[in-house]
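**Student:** Predicted model, plus sequence, below.
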Amino acid sequence: MVSVINTVDTSHEDMIHDAQMDYYGTRLATCSSDRSVKIFDVRNGGQILIADLRGHEGPVWQVAWAHPMYGNILASCSYDRKVIIWREENGTWEKSHEHAGHDSSVNSVCWAPHDYGLILACGSSDGAISLLTYTGEGQWEVKKINNAHTIGCNAVSWAPAVVPGSLIDHPSGQKPNYIKRFASGGCDNLIKLWKEEEDGQWKEEQKLEAHSDWVRDVAWAPSIGLPTSTIAGCSQDGRVFIWTCDDASSNTWSPKLLHKFNDVVWHVSWSITANILAVSGGDNKVTLWKESVDGQWVCISDVNKGQGSVSASVTEGQQNEQ
Amino acid sequence: MEELDGEPTVTLIPGVNSKKNQMYFDWGPGEMLVCETSFNKKEKSEMVPSCPFIYIIRKDVDVYSQILRKLFNESHGIFLGLQRIDEELTGKSRKSQLVRVSKNYRSVIRACMEEMHQVAIAAKDPANGRQFSSQVSILSAMELIWNLCEILFIEVAPAGPLLLHLLDWVRLHVCEVDSLSADVLGSENPSKHDSFWNLVTILVLQGRLDEARQMLSKEADASPASAGICRIMGDLMRTMPILSPGNTQTLTELELKWQHWHEECERYLQDSTFATSPHLESLLKIMLGDEAALLEQKELLSNWYHFLVTRLLYSNPTVKPIDLHYYAQSSLDLFLGGESSPEPLDNILLAAFEFDIHQVIKECSIALSNWWFVAHLTDLLDHCKLLQSHNLYFGSNMREFLLLEYASGLFAHPSLWQLGVDYFDYCPELGRVSLELHIERIPLNTEQKALKVLRICEQRQMTEQVRSICKILAMKAVRNNRLGSALSWSIRAKDAAFATLVSDRFLRDYCERGCFSDLDLIDNLGPAMMLSDRLTFLGKYREFHRMYGEKRFADAASLLLSLMTSRIAPRSFWMTLLTDALPLLEQKQDDDIETTKVEMLRLSLARNLARAIIREGSLEGS
């Protein structure tokens, strides 16, 4: 049974563009065209406004929580071309850093796996992707990938941290050599995979081509310990593709069409154990998908907005056991 | 895209009715967020926003029911016991253990049902009461299904005992008999009671012939006219051959005897012996297994599986398990009579009679609202070696898949998650990684909870998670200015960088206030001191202070000297060290300290000189 367990009245004065739960599901961050970012405590079905953060000069498109080991940190990006990093210090939320290195709307922000440190990727309509790395004492180092996507970059998503070889005890203080990767989607209809080279520069590693229109969102699935990597991408062309790469070294990615929707698909997102993909599109629905026995993707639920009673009994179909 | 058997179900989220606005969502650790939005990223939104609400939705709200929690807790214990059953055990002893486990699970369900029933009765709010009652029916259906599965799959009752088990099964689940019996027997003239014949009939339908006979003797006493035929009927009832436990006769012998008895009943029917009593004649027909007569008693039978069992009892008591499904399907069809269609429960039972375990599990998964039932039943059936493993992407076989789903659901709950840990432990393929992903998301509200989580991680050598959690706690402590706590957490996390950070804070505090906090901790660092240079420095520096306080000036001085000459002193601290040296320099002590003082002076002078040279050099060279 699916039930609404909480309804949070954000009191945003304009359209809400993003809402993100923190790591533990105790706090909710929202952002809106009303230029504000709000944070709520949503424990036990309640809602307490913790912060109403002002600082952007245009609609705020996305928010992203950093891993709690770095403290309470939230990033936001906006039409005003800026990325702001907010931090909670002594119980109050404040602007900790502002990054104004883009020439156009910043559409997407995504924190890297905590194992890499505190690193934020930002994708912008100016076609560039910038990577902000916290180096300590309030300082952020910026690396910029210009012309990552012609016309604009709409989404960025990090690959889960996987160490080549085994992760046996290394001497403390010495970080294992992670290969950092992330995916981006852009207005050039492409999904690109980026890898950090040994010299610290970011290089385009792969182009995933399958869409005939702008790629609106990409989501790299969390790792469940298998050697396969999975990326979901959705596009203006109504299609959602699931890309899989069976082996970290082979680098061949094969797409599988999840579904062709009747309208633009805006958002894809994986559940934390990566076994359900949620897809949201222009058809006013959120659909949930699971992979079945023989590798086919099956729609297991539709979450629809509309009137009527809430607890319609929704049950998940079991995986096909034929 | 593959199609499911049925259409995916649709959940409606109440929102402002606007066909134009789109729905945004995201995943939380255990739930989903949805809200209204417009995905078109333009500076000015074209539509007036109608809804500033964000909905948090979640599956498996059952986890929050107080009473069901007992079910989860107790079944967890049974589950663990089952996993630990010696794999070496085979044959009869293994089977009896598995049957015992099954009965334990069922008794837990029944206990839960009973409690919920009480709550339903006591509920003040009728809507609540209804909800509890419906929960009771669900539990009852679960127990019904489980019981049948136990008989067919675990007990694996052969022909003969099979019918006895099925009779027990029916008797357990159609329990109006007892209340009816109490009513009738409690009255002054039982045989004149309105429901008297209903009672006798249902007793016959359930094969409770001894009790039926007792009823008839009351009738015989009350109306001497019918005493004769009552006695004959009673004899028939008494002499019906039935397999009793411990009976040594073979199945063939039983069949033969039963055949004779059946023919005797047939003769009475032909002779119209009971013509004067329509009730008794109807009972005779029932005992002859006459379908029409049975179907007349639909109301008393109340469901098709009761009809099935009664039918078998009086027409084919030595039915073989593999033949069950013929009777089951036809019983269902006859009973429904084309007037209604089968419900999910009916389909599940049918699948069980067909020995199609996969179908049973599949249908149960669809019909039930949480994974508890299918996870535990499938696990048990797997232990009976009844499931061929299909390779699934998530969980290498069905058992694991279901356990993973169930355990994941438990993690949504603030305390039940601990049960989930054990379930993950017994999922060999993906249990560990699932546990890793889930355990990091448990909010560490209290120190106690954090320690619990850590203990679980440490027991399983989940070092990455331990480190991550300790870092989170260390960070939290630093933010709340609890430096001692922060330091212990970073030591536990073996996080050199963080330990350095905290040590710096300690040293800075010292510079500002002239004293240390958390002396106990720093004094007792032990080998942990080696974690980071800064930490080592902190420890040694404190040691210097201690020595100085104890007036062990010689030791203090040489320690100070080693601190200065080693590379571990942070540059910012050199002034402080030199300042600390001053009082020592002024001490008039023995030779040792003189040497040390001189060394120190030389060192600081040398350093100054070096610095000066460099500065001069760079200016000149530029």
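**Tutor:** Perfect, I can see it now. Numbering: from 1, shown residues only, chains lettered A, B, ... in the order given.
**Student:** Now stretch B:542-552: average pLDDT?
**Tutor:** Mean pLDDT, stretch B:542-552: 85.
**Student:** no no, stretch A:5-23
**Tutor:** 85.
**Student:** Now for the residue of the stretch 351-500 of chain B found nearest chain A, how many residues are close by?
**Tutor:** Nearest to chain A in the stretch 351-500 of chain B, going by CB to the nearest CB, is B:Ala496, at a distance of 3.3 Å. Any C-beta I mention is one placed from the backbone N, CA and C, and that applies to glycine too. When neighbours are defined as other CB atoms under 10 Å in any protein chain shown, B:Ala496 has 20 of them.
**Student:** wait, doesn't it sit right on B:Met529?
**Tutor:** No. In this structure, B:Ala496 is not within contact of B:Met529 by CB atoms under 8 Å, at 11.7 Å.
**Student:** okay, and the common contacts of those two?
**Tutor:** Both B:Ala496 and B:Met529 are in contact with B:Leu535, where contact means CB atoms under 8 Å, 6 or more residues apart in numbering or on different chains.
**Student:** Please give me every residue in contact with B:Pro344.
**Tutor:** B:363, B:366-367.
**Student:** Likewise for B:Trp372?
**Tutor:** B:Trp372 touches B:62, B:68, B:71-72, B:75, B:406, counting by CB under 8 Å, 6+ apart.
**Student:** Check B:Asn104 too.
**Tutor:** Counted by CB under 8 Å, 6+ apart, B:Asn104 has contacts B:Ile78.
**Student:** Next, it: secondary structure please.
**Tutor:** B:Asn104 falls in the helix class when you classify it by DSSP: H, G, I helix; E, B strand; the rest coil.
**Student:** related to what we said a few turns ago, please flag which of the contacts of B:Trp372 sit within helices.
**Tutor:** If you go by DSSP state H, these have B:68, B:71-72, B:75, B:406 in helices.
**Student:** just the residues you listed: which has the poorest pLDDT?
**Tutor:** Where pLDDT dips furthest among the ones in helices among the contacts of B:Trp372: B:Leu68, at 86.
**Student:** Now do it against chain A, distance only.
**Tutor:** 12 Å (CB to the nearest CB, to the nearest Å).
**Student:** Point out where the stretch 351-500 of chain B drops to low pLDDT.
**Tutor:** B:388-396 (pLDDT under 70).
**Student:** which residues of it fall in helices?
**Tutor:** B:357-367, B:372-383, B:398-410, B:417-425, B:431-439, B:447-459, B:463-479, B:483-492, B:496-513 (DSSP state H, counting those that start in this stretch).
**Student:** Make a markdown table out of these and add distance to B:Ser226.
**Tutor:** Shown next, in a markdown table, are these (distance: least, CB to CB, whole Å):
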| stretch | distance to B:Ser226 |
| --- | --- |
| helix B:357-367 | 47 |
| helix B:372-383 | 49 |
| helix B:398-410 | 58 |
| helix B:417-425 | 61 |
| helix B:431-439 | 68 |
| helix B:447-459 | 72 |
| helix B:463-479 | 79 |
| helix B:483-492 | 87 |
| helix B:496-513 | 93 |
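**Student:** Give me the buried positions along stretch A:116-131.
**Tutor:** A:118-131 (16 or more other CB atoms under 10 Å in any protein chain shown).
**Student:** which of the residues you listed lies closest to B:Ala569?
**Tutor:** Distance to B:Ala569, by CB to CB, is smallest for A:Leu118 among the buried residues of stretch A:116-131, at 28.1 Å.
**Student:** Which residue comes closest to that closest one once chain neighbours are left out?
**Tutor:** In space, and not counting its chain neighbours, A:Leu118 is closest to A:Tyr134: 3.9 Å by CB to CB, 6 or more residues apart in numbering or on different chains.
**Student:** Starting from the helix or strand the one you found falls within, tell me which strands it pairs with and how they run.
**Tutor:** Taking DSSP states H and E as the criterion, A:Tyr134 maps to strand A:129-136. Paired neighbours of strand A:129-136 in the sheet (DSSP bridges): strand A:119-124 (antiparallel), strand A:139-145 (antiparallel).
**Student:** Mean pLDDT and distance to B:Phe544 added to the ones you listed, as a markdown table?
**Tutor:** Below are these laid out as a markdown table (pLDDT from 0 to 100; distance: least, CB to CB, whole Å):
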| stretch | mean pLDDT | distance to B:Phe544 |
| --- | --- | --- |
| strand A:119-124 | 96 | 39 |
| strand A:139-145 | 94 | 33 |
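**Student:** So which of the ones you listed is nearest B:Leu416?
**Tutor:** strand A:119-124 (35.1 Å).
**Student:** Pick the one among the buried residues of stretch A:116-131 closest to A:Asn154.
**Tutor:** A:Gly123 (6.4 Å).
**Student:** Relative to B:Glu363, how far out is the one residue in the stretch 201-350 of chain B that gets nearest to chain A?
**Tutor:** Nearest to chain A in the stretch 201-350 of chain B, going by CB to the nearest CB, is B:Pro344, at a distance of 10.4 Å. Going from B:Pro344 to B:Glu363 by CB to CB, to the nearest Å gives 6 Å.
**Student:** swap in B:Arg399?
**Tutor:** For B:Arg399, the distance to B:Glu363 - CB to CB - is 17 Å.
**Student:** hey, where'd the strands end up in chain B?
**Tutor:** B:9-14, B:22-27, B:32-37, B:53-59 (DSSP state E).
**Student:** Comparing these by mean pLDDT, which bottoms out?
**Tutor:** Looking at these, the weakest mean confidence is strand B:9-14, a mean of 64.
**Student:** State the distance from the closest residue in space to B:Glu74 that isn't next to it in sequence to chain A.
**Tutor:** Spatial nearest neighbour of B:Glu74, chain neighbours left out: B:Val108 (4.7 Å); criterion: CB to CB, 6+ apart. Distance of B:Val108 to chain A, computed by CB to the nearest CB: 22 Å.
**Student:** Under a three-state scheme, what state does A:His56 occupy?
**Tutor:** A:His56 is classified as coil under three-state DSSP.
**Student:** what sits against it?
**Tutor:** A:35-37, A:76, A:78-80, A:82, A:84.
**Student:** Recalculate using a threshold of 7 Å.
**Tutor:** A:35, A:76, A:78, A:80, A:82, A:84 (CB atoms under 7 Å, 6 or more residues apart in numbering or on different chains).
**Student:** just these now: which is nearest chain B?
**Tutor:** Using CB to the nearest CB, these come closest to chain B at A:Asp80, 9.4 Å.
**Student:** Tell me the secondary structure of that closest one, please.
**Tutor:** coil.
**Student:** Hmm, A:Gly55 and it touching each other?
**Tutor:** No. Contact criterion CB atoms under 7 Å: A:Asp80 and A:Gly55 do not qualify, at 9.2 Å.
**Student:** quick revisit: surely the residue of the stretch 351-500 of chain B closest to chain A and B:Ser532 touch.
**Tutor:** Yes. Using CB under 7 Å, B:Ala496 is in contact with B:Ser532, at 4.1 Å.
**Student:** where's the closest residue in space to B:Met237 that isn't next to it in sequence relative to A:Ala232, distance?
**Tutor:** Nearest non-adjacent residue to B:Met237, counting by CB to CB, 6+ apart: B:Leu209, 4.1 Å away. In this view, B:Leu209 and A:Ala232 are 65 Å apart by CB to CB.
**Student:** and B:Gly514, how many neighbours?
**Tutor:** Neighbours of B:Gly514 (other CB under 10 Å): 7.
**Student:** right, I mislabeled it, should have said A:Thr135
**Tutor:** The burial count for A:Thr135: 11, using other CB under 10 Å.
**Student:** ok, the spatially closest residue to it that is not a sequence neighbour to chain B distance?
**Tutor:** Once flanking residues are discounted, A:Thr135 sits nearest to A:Glu141: 5.1 Å by CB to CB, 6+ apart. Plainly put, A:Glu141 is 16 Å away from chain B if you go by CB to the nearest CB.
**Student:** Quick check: bridge partners of A:Glu141?
**Tutor:** Beta-bridge partners, per DSSP bridges, of A:Glu141: A:Thr133.
**Student:** ditto for A:Cys31
**Tutor:** Bridge pairing for A:Cys31 - DSSP bridges - gives A:Asp18, A:Val37.
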